[in-house]
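J.: output the structure for:
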Amino acid sequence: MMAAGATILGCAGAVLTPDETAFFRAADPWGFILFARNVETPDQLRRLTGDLRAGVGRAAPILIDQEGGRVARLRPPHWRDWLPPLDQVARAGAAAPRSLWLRARLMAAELRAVGIDANCAPCADIAGPRTHPFLRNRCLGETAAEVARNARALAEGLLAGGVLPVVKHIPGHGRAEADSHLHLPTVTATPEDLSATDFAAFAALADLPLGMTAHIRFPAFDDAPATASARMIGLIRDVIGFQGLLMTDDISMQALAGPVGTRAAAAIAAGCDLVLHCNGEMPEMAAVVAAAGRLSPAAEARATAALACRHAPEPADECALTAELTALLAGGGDGRA
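T.: A predicted model of the protein is given here:
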């Protein structure tokens, strides 16, 4: 059986068009990603996720960015509203890890109910005094140890709910002072400082099944953005120790230069397993699919291992979990793990 395409792709709207269905059948992406433009109601979303999987003839993973706070594709009135992650950490205090596990477990229940089984979270970037505002309150702490502890709790809550976590943005976005959606950030920290902080947070999470790269340039190592740098991908694998399935951040972000097909080819050549393309524009998707090709044997093995972590949700009393989370965020919890 031929390996799936080395891509994760988006679609344009709330309903698949015949052209999209035909394209996805031929391209056979490993997975799909959804955005607010794809979301209307729970019933509509269940139909869409079912149609995406039917189009490729398998239970392809379907991803979303549901961090809570500013980055949340599912919102009221149909879904819960969540504090920004860093705000919840501050409010919960010593109970932050438990509160994040509860948050993730409840979030996973909402995702699974509409056919979504992978979440692009946690952000294991470290919030610093100069972290760009687009990222800062999406972080989970201000030290490597705090971030690792909180990100672990959030990832385990998602996994308990049957949702695969995607840890991001490896090897670290917290020092970036530019928004990589618009510009290529440059981080000039020394290898020693990076190893002790940014890289250390991800090293503590290196066993997680899926990860996402950062479109950031680290001149201490390479002039190319990490996503397109064989040296940086090698560092992610060999120094940070991440052995999971590694996808790019959105390949169409303006941090990267050149046509999207060229970007996709560079990412695969550097050692990324999958190219993530988000905007649902058919000509761009066609170029990315052609450039990315199929999963390599090593990537296919990592993909199989990642999907083996996707399981039915563990039993949970959602009312009790909600009550506990409410109490913790009101200062009434005991901080137990």
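J.: and residue 110, helix, strand or coil?
T.: Under DSSP: H, G, I helix; E, B strand; the rest coil, residue 110 falls in the helix class.
J.: skipping adjacent residues, who's closest to it in space?
T.: Of all residues not flanking residue 110 in the chain, residue 79 sits nearest, at 5.3 Å (C-beta to C-beta, 6 or more residues apart in numbering). In this view, the C-beta of every residue, glycine as well, is placed from N, C-alpha and C.
J.: ok, that neighbour to residue 319 distance?
T.: 16 Å (C-beta to C-beta, to the nearest Å).
J.: any low-confidence regions in the chain?
T.: 332-337 (pLDDT under 70).
J.: just want the most central residue of it.
T.: Central residue of the chain (C-alpha atoms, centre = their mean): residue 120, 2.3 Å from the mean position.
J.: wait, that one sits on residue 62?
T.: No: with contact defined as C-beta atoms under 8 Å, residue 120 does not count as touching residue 62 (11.5 Å).
J.: elements contacting the one helix or strand residue 305 maps to?
T.: Per DSSP states H and E: residue 305 is located in helix 297-307. When contacts are defined as 3 or more C-beta pairs under 8 Å, 6 or more residues apart in numbering; DSSP states H and E, helix 297-307 packs onto strand 245-247.
J.: now do the strand it packs on: distance to the chain's middle.
T.: 10 Å (C-alpha atoms, centre = their mean, to the nearest Å).
J.: can you list contacts of that strand?
T.: Strand 245-247 is contacted from outside by 8, 166, 170, 209-213, 233, 236, 271-276, 299, 302-303, 305-306, using C-beta atoms under 8 Å, 6 or more residues apart in numbering.
J.: how about residues contacting the helix or strand just after it?
T.: Under the assignment DSSP H and E, the closest C-terminal helix or strand after strand 245-247 is helix 260-270. Under the criterion C-beta under 8 Å, 6+ apart, residues 6-7, 213, 224, 227-230, 232-233, 248, 251-252, 256-258, 275, 277, 284, 287-288, 290-293 lie in contact with helix 260-270.
J.: so residue 121 touches residue 165, yeah?
T.: Yes: between residue 121 and residue 165 there is a contact under C-beta under 8 Å: 6.2 Å.
J.: from the contacts of strand 245-247, which land in helices?
T.: 233, 236, 299, 302, 303, 305, 306 (DSSP state H).
J.: between residue 121 and residue 165, what contacts are shared?
T.: With C-beta under 8 Å, 6+ apart as the test, residue 121 and residue 165 both reach 104, 154, 158.
J.: can I get these in CSV with secondary structure?
T.: Listed next are the shared contacts of residue 121 and residue 165 as CSV, based on three-state DSSP:
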residue, secondary structure
104, helix
154, helix
158, helix
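J.: that older thread, what do residue 120 and residue 62 both touch?
T.: With C-beta under 8 Å, 6+ apart as the test, residue 120 and residue 62 both reach residue 33.
J.: returning to what we had before: can you say which of the contacts of strand 245-247 are buried?
T.: 8, 166, 170, 209-213, 233, 236, 271-276, 299, 302-303, 306 (16 or more other C-beta atoms under 10 Å).
J.: which residues touch residue 42?
T.: 78, 113, 114.
J.: just checking, the last one touches residue 46?
T.: Yes: in this structure residue 114 lies within contact range of residue 46 using C-beta under 8 Å: 5.2 Å.
J.: neighbour count: the two, which is higher?
T.: Using other C-beta atoms under 10 Å as the criterion, residue 114 and residue 46 rank with residue 114 on top: 23 against 14.
J.: gap between that one and residue 140?
T.: 25 Å.
J.: how many residues are close by residue 21?
T.: Residue 21 has 16 nearby residues by other C-beta under 10 Å.
J.: OK, contacts around it?
T.: Residue 21 touches 51, 55, counting by C-beta under 8 Å, 6+ apart.
J.: element containing it?
T.: Residue 21 belongs to helix 18-27, assigned by DSSP H and E.
J.: check residue 55 too.
T.: helix 42-56.
J.: so that helix versus helix 18-27, what angle?
T.: On the basis of axes from the mean of the first three to the mean of the last three C-alpha atoms, to 10 degrees, helix 42-56 is oriented at 40 degrees to helix 18-27.
J.: all numbers from here: first residue = 12
T.: Taking 12 as the first residue, the last one we looked at is helix 53-67.
J.: could you dump helix 53-67 to CSV, C-alpha only?
T.: Output in CSV follows, covering the C-alpha atoms of helix 53-67 (Å, rounded to 0.1, in the frame of the first residue of the first chain):
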residue,chain,number,x,y,z
PRO,A,53,-21.6,20.8,15.7
ASP,A,54,-23.8,19.0,13.2
GLN,A,55,-22.2,20.7,10.3
LEU,A,56,-18.7,20.0,11.6
ARG,A,57,-19.4,16.4,12.1
ARG,A,58,-20.5,16.1,8.5
LEU,A,59,-17.4,17.9,7.3
THR,A,60,-15.0,15.7,9.3
GLY,A,61,-16.8,12.6,8.1
ASP,A,62,-16.7,13.8,4.5
LEU,A,63,-12.9,14.6,4.7
ARG,A,64,-12.2,11.1,6.0
ALA,A,65,-14.5,9.5,3.4
GLY,A,66,-12.7,11.3,0.7
VAL,A,67,-9.4,9.6,1.5
